Structure formats: structure tokens, C-alpha cells
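Engineer: test case, fold it:
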Amino acid sequence: MVRFMIKGGVWKNSEDEILKAAVMKYGPHQWARVSSLLVRKSAAQAKARWTEWLDPSIRKTEWSATEDAALLHLAKVMPTQWRSIAPRVGRTAAQCLARYEQLLDAADGGGGGGEAGPSGGGAGAGGAAATAGDVAPESRPARPDAVDMDEDEKEMLAEARARLANTKGKKAKRKAREAALEQARRLAVLQKRRELDAAGVGDGGGGGRGRGRRGRRRVGDVDYVAEIPLHRAAPAGFYAADAVDERAAGAKAGDARLIGRLLSAHEGTAAGGGGPPSRAAPS
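Structural biologist: Residues are numbered from 1 along each chain as shown. So this is what the prediction gives:
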């Protein structure tokens with residue numbers, strides 16, 4: 001038989017603590033993620049609990065005469081619109097409703113002006129714990145934790161503690177795991193090469209010592225580890241410049257012969273009446 005769990009009901013002290021820790025980690029907007037830590041509460045209930053009771057900006061002090069006058073005036077102008085009245089008074093909607101009912105009871109002679117509840121008049125100090133018959137459990141004090149918690153609540157606390165203690169996201173954890181695996185693989189390969197070199201059976205990665213079948217080179221190949229490619233050693237002693245002087249003298253003689261031939265050709269052209277062709281005049 002399928003087991004159904006109806007979410008809601010009275011809030012416990014452990015659930016309040018988990019909710020506050022989750023809001024500190026995920027922020028006051030990701031209620032689906034926050035409610036995933038609470039087994040018996042939904043996202044809407046977690047948001048209502050935060051906005052109606054746990055938010056540090058909620059005022060839970062005694063109502064002043066100015067606030068009572070503003071509440072009565074706004075209740076007359078906007079009857080039953082507690083969501084619109086609450087931000088103008090600076091209280092929550094549940095506090096405004098409870099305080100308005102207390103003022104009506106006091107005016108009728110009921111003497112309920114000092115009643116404890118979410119109105120702020122002694123709500124957090126001496127108010128009784130919420131019962132199962134509360135209409136709005138999100139705006140009521142939490143029920144104290146039992147001495148012996150049930151298994152579901154213990155499991156919820158353990159899971160919340162494990163998830164909230166995790167400061168890294170999934171992507172960072174995956175990258176760290178991949179980096180650790182790559183480091184382990186590199187160390188394993190290095191250890192293998194060292195053991196093979198020590199045994200005299202290298203695999204081509206241990207330098208010039210003990211090359212195996214994969215490390216053999218053909219005749220004429222360059223060993224880029226032990227040699228300098230295309231390197232010619234300089235001869236010992238002083239450098240002989242005779243060959244350089246001979247090449248320079250030959251170059252000068254060749255230039256002189258070329259200049260002589262050009263001058264002879266130019267003089268022969270001038271003696272024969274020839275000259276550079278003149279540019280024809282345009283017709």
C-alpha cells in the first residue's frame with residue numbers, strides 16, 4: 001500500500017532551526033530548495049513560516065497606542081485587508097488580525113488586551129506552544145522538541161546537517177574529483193616508469209637507460225633528449241679569417257668587372273649615335 005504524507009501542521013523547533021540555516025545558505029528566495037530539507041513542509045509553508053514568524057525584521061514587541069490607533073483607522077478604511085494593512089503598521093498580517101480581535105474583545109469588556117499570541121504582546125516570551133488545532137501554524141510559536149525524536153526526524157536532521165555543511169557545489173566537486181583522478185593516474189605512470197628503469201626494462205619514457213621495444217630508434221634519427229638537433233660543434237682554437245678575406249676580395253673584383261662592362265657598353269652606345277629612345281610627341 002502506498003504511503004501518503006500530508007505536509008503541514010505544527011512547526012517544531014528542529015524544523016525552525018533547519019529553516020533558518022537553509023535560508024542562511026540558499027537565501028530567502030529559493031524556497032523549493034529550502035523545503036527539500038523539510039520532510040513535512042512544502043515550499044509555500046516554508047516561505048509563510050519565514051515571513052510570518054522567523055524573519056528577524058518582524059517586530060514582536062508590545063503594541064503602542066499609536067500603532068493601535070493606526071490599526072483601528074486602517075481596519076475601518078480597508079476592512080479585512082490585513083495583507084495591505086500589515087506593511088503600513090509595520091507588523092505581519094497575523095499580528096494585525098490578532099491585535100484587532102484583542103482590541104474588539106477589550107472594547108466589549110472581555111479583557112483580552114494582554115492575551116499572548118502572534119500580536120507581539122508576550123508572544124515569544126510566555127506564549128503557549130501551538131496545538132494541532134491552530135488555524136495558522138506558520139504564525140505560532142514552535143513546539144518544543146521531544147526528548148526521544150522519531151526516526152524520520154533524526155534522518156531529516158542528519159540529511160540537513162550533511163547538505164548544509166557542504167560548501168562546494170556539484171560542479172566544483174566534480175572538477176576536484178577529476179583533478180584527483182588525473183593526479184593519481186600521473187603518479188601511477190611515473191612510478192611504473194621508475195620501476196621499469198630500475199629493472200632495466202624501460203618503456204621509452206625513462207630517458208636513455210634501458211630502452212625497450214617501443215623506445216628503439218632507427219639509424220639516423222635524432223635523440224631530442226640526449227642531443228641538440230642540427231648542432232655543429234665549433235672547431236677548437238682561433239678562427240681563421242683567410243677564407244673570409246678571399247671571398248670578400250673576389251666579391252670586390254667581380255663588382256669592378258661588372259662596373260667596367262657597364263661603362264664600356266654605355267660608351268659604345270654614345271659613340272654610335274645611339275642614345276636613350278626619345279618619347280614621341282603626342283599627335
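Engineer: show me what the helix or strand where residue 44 lies is packed against.
Structural biologist: Using DSSP states H and E, residue 44 sits in helix 43-49. In this structure, helix 43-49 packs against helix 13-26, helix 31-35, with contacts taken as 3 or more CB pairs under 8 Å, 6 or more residues apart in numbering; DSSP states H and E. Quick note: C-beta positions are derived from backbone N, CA and C, even for glycine.
Engineer: select, out of the ones you listed, the one closest to residue 173.
Structural biologist: Nearest to residue 173 among these is helix 13-26 (15.9 Å), distances taken as CB to CB.
Engineer: then the closest one to PDB, C-alphas only?
Structural biologist: Below are the C-alpha coordinates for helix 13-26, written out as PDB (Å, rounded to 0.1, in the frame of the first residue of the first chain):
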ATOM      1  CA  ASN A  13      11.800  23.700  17.000                       C
ATOM      2  CA  SER A  14      14.100  21.400  14.900                       C
ATOM      3  CA  GLU A  15      12.200  22.400  11.700                       C
ATOM      4  CA  ASP A  16      12.600  26.100  12.600                       C
ATOM      5  CA  GLU A  17      16.400  25.700  13.100                       C
ATOM      6  CA  ILE A  18      16.700  23.800   9.800                       C
ATOM      7  CA  LEU A  19      14.700  26.500   8.000                       C
ATOM      8  CA  LYS A  20      16.900  29.300   9.400                       C
ATOM      9  CA  ALA A  21      20.100  27.500   8.400                       C
ATOM     10  CA  ALA A  22      18.700  26.800   4.900                       C
ATOM     11  CA  VAL A  23      17.800  30.500   4.400                       C
ATOM     12  CA  MET A  24      21.300  31.500   5.500                       C
ATOM     13  CA  LYS A  25      22.800  29.200   2.900                       C
ATOM     14  CA  TYR A  26      20.300  29.400   0.000                       C
END
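Engineer: just to revisit the earlier point, redo the helices and strands packed on helix 43-49 as a markdown table? Include mean pLDDT.
Structural biologist: Putting the helices and strands packed on helix 43-49 into a markdown table (pLDDT from 0 to 100) gives the following:
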| stretch | mean pLDDT |
| --- | --- |
| helix 13-26 | 94 |
| helix 31-35 | 94 |
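Engineer: redo those helices as CSV? Include distance to residue 192 and mean neighbour count.
Structural biologist: Formatted as CSV, the entries for those read as follows, by distance: least, CB to CB, whole Å; neighbours: other CB atoms under 10 Å:
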stretch, distance to residue 192, mean neighbour count
helix 13-26, 44, 18
helix 31-35, 46, 19
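Engineer: residue 231 is nearest to which of these?
Structural biologist: Using CB to CB, the nearest of the helices and strands packed on helix 43-49 to residue 231 is helix 13-26, at 62.5 Å.
Engineer: what about that closest one, distance to the chain center?
Structural biologist: Using CA atoms, centre = their mean, to the nearest Å, the mean C-alpha position of helix 13-26 is found 22 Å from that of the whole chain.
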